[in-house]
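In: This is the structure alone, sequence omitted:
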């Protein structure tokens, strides 16, 4: 596990680094930690090094944590982002960058351990899989890697994070049944289902996804769609925060 800590307050950076090192020892985990007092330095390093977890302070001078996380998401969709801050006022903004956790200073050792335990479980989690037939071959797709599902006559075009699109003969209802009606999948228009984990925002009548694709939404159901996405992200973040 490779951890990055980005905080311009050295004392908190040192405390968090120390707790993470203790965690590696107590859990017998292999890991390394790199600390950055400047978010731009961290972004430069990201181009040549891959991190599993980034602890990002929200209130920094050179670049604030929210902006840093937004730019980081363009580099890596998979990195686990944990916001650290002295105030919970910016919790809602954490949704837009799909933050894994949100913890406040001063740090509580047990809370940091819980965050790291959850992150390890998340990274090792193989998630649920759905089995489809594509080009006469059986394919297993990880549910959490599915970005969008679009119906096309009697077929579905299923897009995943890698950019691949799988075409299979199936209805949307059949697909949702295979996922056990996973709440992350939200119908935004007739024949269009999106994974809320990858929704960036909604602008007008378009839903923007993290991979750059855009989908039209039902105007009359816009408020309900936005509500469902917010509730999904809130429940996801709240579940991760439980200690």
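Out: Sure thing, it's come through. In this text, all values refer to a predicted model and were calculated from it rather than measured experimentally.

In: C-alpha only now, for contacts and for neighbours.
Out: OK.

In: what phi and what psi does the backbone show at residue 140?
Out: phi -100, psi 120 (degrees, to the nearest 10).

In: need the contact list for it.
Out: 129-132 (CA atoms under 8 Å, 6 or more residues apart in numbering).

In: And the pLDDT at it?
Out: Reading off the confidence values, residue 140 has pLDDT 84.

In: I'd like the distance between the residue sitting furthest away from the middle of the chain and residue 169.
Out: Distance from the C-alpha centroid of the chain, by CA atoms, centre = their mean, peaks at residue 136 (32.4 Å). Distance check for residue 136 against residue 169: by CA to CA, to the nearest Å, it reads 10 Å.

In: What sits closest to the most centrally placed residue in the chain if chain neighbours are left out?
Out: With distances taken as CA atoms, centre = their mean, the residue of the chain nearest its centroid is residue 98 (4.1 Å). Ranked by CA to CA, 6 or more residues apart in numbering and with sequence neighbours excluded, the top spatial neighbour of residue 98 is residue 197, at 7.0 Å.

In: if you look at the contacts of residue 140, which of them are in strands?
Out: Of those, the ones assigned to strands by DSSP state E are 129-132.

In: Tabulate those in a markdown table, adding columns for distance to residue 214.
Out: Compiled in a markdown table, the ones in strands among the contacts of residue 140 are given as follows (distance: CA to CA, whole Å):
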| residue | distance to residue 214 |
| --- | --- |
| 129 | 25 |
| 130 | 24 |
| 131 | 26 |
| 132 | 25 |
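
In: Out of those, which is nearest to residue 17?
Out: Taking CA to CA as the measure, residue 17 sits nearest to residue 129 out of those, at 35.7 Å.

In: confidence score at residue 189?
Out: Turning to residue 189, the model gives it a pLDDT of 96.

In: Give me the neighbour count for it.
Out: For residue 189, the tally of surrounding residues (other CA atoms under 10 Å) stands at 17.

In: Equivalent analysis for residue 223, please.
Out: Close neighbours of residue 223, defined as other CA under 10 Å, add up to 10.

In: So it versus residue 87, what's the distance?
Out: Applying CA to CA, the value for residue 223 to residue 87 is 29 Å.

In: Residue 74 too?
Out: According to CA to CA, residue 74 and residue 87 sit 26 Å apart.

In: per the record, what domains does this structure have?
Out: Taking automatic domain parsing as the reference, the chain has its domains at 2-125, 129-239.

In: where's the first one relative to the chain centroid, distance-wise?
Out: This points to domain 2-125. The chain centroid and the centroid of domain 2-125 are separated by 13 Å under CA atoms, centre = their mean, to the nearest Å.

In: Not counting its own residues, what contacts stretch 190-206?
Out: Applying CA under 8 Å, 6+ apart, the set of residues contacting stretch 190-206 from outside is 96-98, 146-152, 172, 184-188, 207-211, 214-219, 222, 226, 229, 232-233.

In: hey, what's residue 168 bridged with?
Out: With DSSP bridges as the criterion, residue 168 is bridged to residue 156.

In: Now name the helix or strand holding residue 235.
Out: For residue 235, the host element (DSSP states H and E) is helix 222-241.

In: And residue 207, by the same measure?
Out: Residue 207 is part of strand 206-209 when elements are defined by DSSP H and E.

In: re earlier: show me what the helix holding residue 235 is packed up against.
Out: The elements that helix 222-241 packs onto, with contact taken as 3 or more CA pairs under 8 Å, 6 or more residues apart in numbering; DSSP states H and E, are strand 101-104, helix 109-124, strand 185-189.
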